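A.B. asks: give me coordinates for this.
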Amino acid sequence: MLVRRNTIVFILVFMASFCATYAQSTLHAIIVVKTEDTAREFPSDPKPAWKLSMQKIEDELDRVEVHTDLNIQKHYFVGTHFDKSALLDGIDDLQIGEDDVLWFYFAGHGYGDRDCKYPNMVVSRKKDANGNKLYISSEEAHVSLSSCDIQDVLIRKNARLTIGLYETCNYYTKDSKGDSGYVINAQAEENYKVLFEEAKGYVFITASKNGQYAGWNTEVGGYFTHWFLERLHYYLRQESIKPCDWYTVGASTIGKLKAYTAARPEEFDKPQILYGAVEIVDENGIEIDCRKTKN
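C.D. replies: Next comes the predicted model:
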């Protein structure tokens, strides 16, 4: 009888453990990065800037996994999979639970549309008749993809929290090491849980507004990615953080981009570069602006 009772207890413990594991929420990271053919941007750079930015995003996802109870799943659309149809099919196939998080990250070429304030992403490996890569061509419907359209697709997946980050230009056309290293502490661990496990809604932050360029170099990679992570880490180390402080992270990122770009006018042909866009909306579709939040 004792053996049977112990067996029952073991089964109950196993079932409880299984249910806890099964119920674990997942952060689905959709990583879309143009890792090929970047030699024309940095011919002497063995590690192109976009690859450097992707590595930073991957490192941050590893930190999220360490400091939250979220299971991290990375879905890559890079190299030969850097393709519009593959991306859309991949998102469509994702099975998203009601408490899951979607993190979309794009780094690559993009261009603006006067009818939309957010950038169009160039997601294609297509070549023209001469064998040249098509980077920007609004006449090729399968080449580009609006960040607004992707955001709509992501939101319809009904994740608890949807984060969209776009490291790309938004210019009208068709054809400092700020982070000194991430120091983890008990407060940061708690703040990771607040931002990634308690927040609801969606986060939409782009490197450029309509009519602007995005920038990168071999020192920090993509400016937007660099400063987004630097600002995220800065606020994670604060005494307390609220879910709506995603807006503070985004707005502060844009502020750093302005200052960083203004200090490097020699890197661009035009002065208006990284003024970015930030949109934070809660689960009820209400835009959140922490500057207007009363204590």
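A.B. asks: spit out the contact partners of the closest residue to G110 other than its chain neighbours.
C.D. replies: In this structure, G110 finds its nearest non-sequential neighbour in T168, 3.1 Å apart by C-beta to C-beta, 6 or more residues apart in numbering. Every C-beta, even on glycine, is put in place using the N, C-alpha and C of the backbone. If a contact means C-beta atoms under 8 Å, 6 or more residues apart in numbering, then T168 has 106-110, 119, 121-122, 147, 206-208, 214 as its contacts.
A.B. asks: make it 7 Å
C.D. replies: Residues counted as contacts of T168 (C-beta atoms under 7 Å, 6 or more residues apart in numbering) are F106, G108, H109, G110, P119, M121, A207, A214.
A.B. asks: you'd agree the fourth one is up against P119?
C.D. replies: Yes: taking contact to mean C-beta atoms under 7 Å, the distance of 4.1 Å between G110 and P119 places them in contact.
A.B. asks: so for these two, which residues contact both of them?
C.D. replies: With C-beta under 7 Å, 6+ apart, G110 and P119 have common neighbours T168, C169, N170.
A.B. asks: using CSV, lay out these together with secondary structure.
C.D. replies: As requested, the shared contacts of G110 and P119 are exported to CSV (DSSP: H, G, I helix; E, B strand; the rest coil):
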residue, secondary structure
T168, coil
C169, coil
N170, strand
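A.B. asks: do you have the helices of the stretch 101-250 of the chain handy? List them.
C.D. replies: 147-155, 186-193, 223-236, 246-262 (DSSP state H, counting those that start in this stretch).
A.B. asks: how about those helices, which one is nearest E60?
C.D. replies: Among these, the nearest to E60 by C-beta to C-beta is helix 223-236 (5.7 Å).
A.B. asks: elements contacting the closest one?
C.D. replies: If you count contacts as 3 or more C-beta pairs under 7 Å, 6 or more residues apart in numbering; DSSP states H and E, helix 223-236 packs onto helix 49-67, strand 161-167, helix 186-193, helix 246-262.
A.B. asks: other residues contacting it?
C.D. replies: By C-beta under 7 Å, 6+ apart, helix 223-236 touches 53, 56-57, 60, 107, 165, 167, 178-179, 182, 188, 191-192, 205, 207, 214-216, 220, 241, 245, 248-249, 252-253, 256-257, 260-261, 274.
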